[in-house]
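S.K.: how would this look folded up:
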Amino acid sequence: MTGKAHEANETTKRTPVANRKFKDTVFRMLFSDKEALLSLYNAVNNSHYTDSCALEIVTLENAIYVTKVRSFTEQMPLDDAVQKAVTECIQENILADFLRKNQAEVIAMSIFEYDKVEEEKKLRKAEFDAGVEQGLKQGVAQGIEQGLKQASTDTALRLLKTGKFDAKEIAELCNLPLEDVTALMK
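M.R.: Below is the predicted model:
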């Protein structure tokens with residue numbers, strides 16, 4: 001090879017390929033500390049939570065496993081559903097290493113601790129909390145907007161009482177529509 005083709009081939013040879021498993025391992029190591037995880041959560045969601053103990057870490061693989069268990073419990077007893085979910089996850093390489101090493105403990109824990117009603121309560125509570133937070137944000141924004149409008153209206157009334165300004169000037173000074181100022185004059 002000569003020239004640019006040789007250079008391109010050499011560059012390709014030296015470019016490292018991303019090891020996604022390594023990235024995932026580093027991420028899990030970094031954020032296994034709940035305080036660091038809470039800091040990341042607050043940064044991503046622009047929130048200010050302080051109780052790291054309230055964090056519940058759910059990975060995509062865990063979610064897939066739990067979804068499988070829930071799905072199978074609709075068709076069979078819980079212990080069979082858990083066994084089938086574990087088997088499928090291992091076959092699909094989802095938490096496979098962990099499940100192979102800890103299969104008996106996972107099955108026992110899943111059977112004894114799995115409570116569909118409790119899981120649904122947690123889900124509803126999380127959705128409710130998110131709704132309350134969004135509602136508060138919207139309410140605060142509306143309150144500020146109403147407060148500013150009321151302050152502008154009060155200022156317009158005071159300016160009208162002085163008699164030194166006409167309606168158009170007051171509308172411009174108070175950032176109000178002219179018809180609002182005209183209505184205040186009556």
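S.K.: ok, the residue nearest the centre of the chain - contacts?
M.R.: In the chain, the residue lying closest to the centroid (Cα atoms, centre = their mean) is Asn45, at 5.8 Å. Not one residue lies near Asn45 by Cβ atoms under 8 Å, 6 or more residues apart in numbering. Backbone N, C-alpha and C define where each C-beta goes, glycine included.
S.K.: phi and psi next, for Pro177.
M.R.: Dihedral pair for Pro177: phi -70, psi 140, per degrees, to the nearest 10.
S.K.: same question for Tyr49.
M.R.: Per degrees, to the nearest 10, the backbone of Tyr49 is at phi -70, psi 150.
S.K.: using PDB, list the CA coordinates for the host helix or strand of Asp97.
M.R.: Using DSSP states H and E, Asp97 sits within helix 96-113. Taking C-alpha atoms only, helix 96-113 is exported to PDB below (Å, rounded to 0.1, in the frame of the first residue of the first chain):
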ATOM      1  CA  ALA A  96     -26.300 -14.200  33.300                       C
ATOM      2  CA  ASP A  97     -23.100 -14.300  35.300                       C
ATOM      3  CA  PHE A  98     -24.800 -13.000  38.400                       C
ATOM      4  CA  LEU A  99     -27.700 -15.400  38.100                       C
ATOM      5  CA  ARG A 100     -25.500 -18.400  37.500                       C
ATOM      6  CA  LYS A 101     -23.500 -17.700  40.600                       C
ATOM      7  CA  ASN A 102     -26.500 -16.700  42.800                       C
ATOM      8  CA  GLN A 103     -29.400 -18.600  41.200                       C
ATOM      9  CA  ALA A 104     -30.700 -20.200  44.400                       C
ATOM     10  CA  GLU A 105     -30.500 -16.900  46.400                       C
ATOM     11  CA  VAL A 106     -32.200 -14.900  43.600                       C
ATOM     12  CA  ILE A 107     -35.000 -17.400  43.300                       C
ATOM     13  CA  ALA A 108     -35.600 -17.500  47.100                       C
ATOM     14  CA  MET A 109     -35.400 -13.700  47.400                       C
ATOM     15  CA  SER A 110     -37.700 -13.200  44.400                       C
ATOM     16  CA  ILE A 111     -40.300 -15.600  45.800                       C
ATOM     17  CA  PHE A 112     -40.200 -14.300  49.400                       C
ATOM     18  CA  GLU A 113     -39.800 -10.600  48.700                       C
END
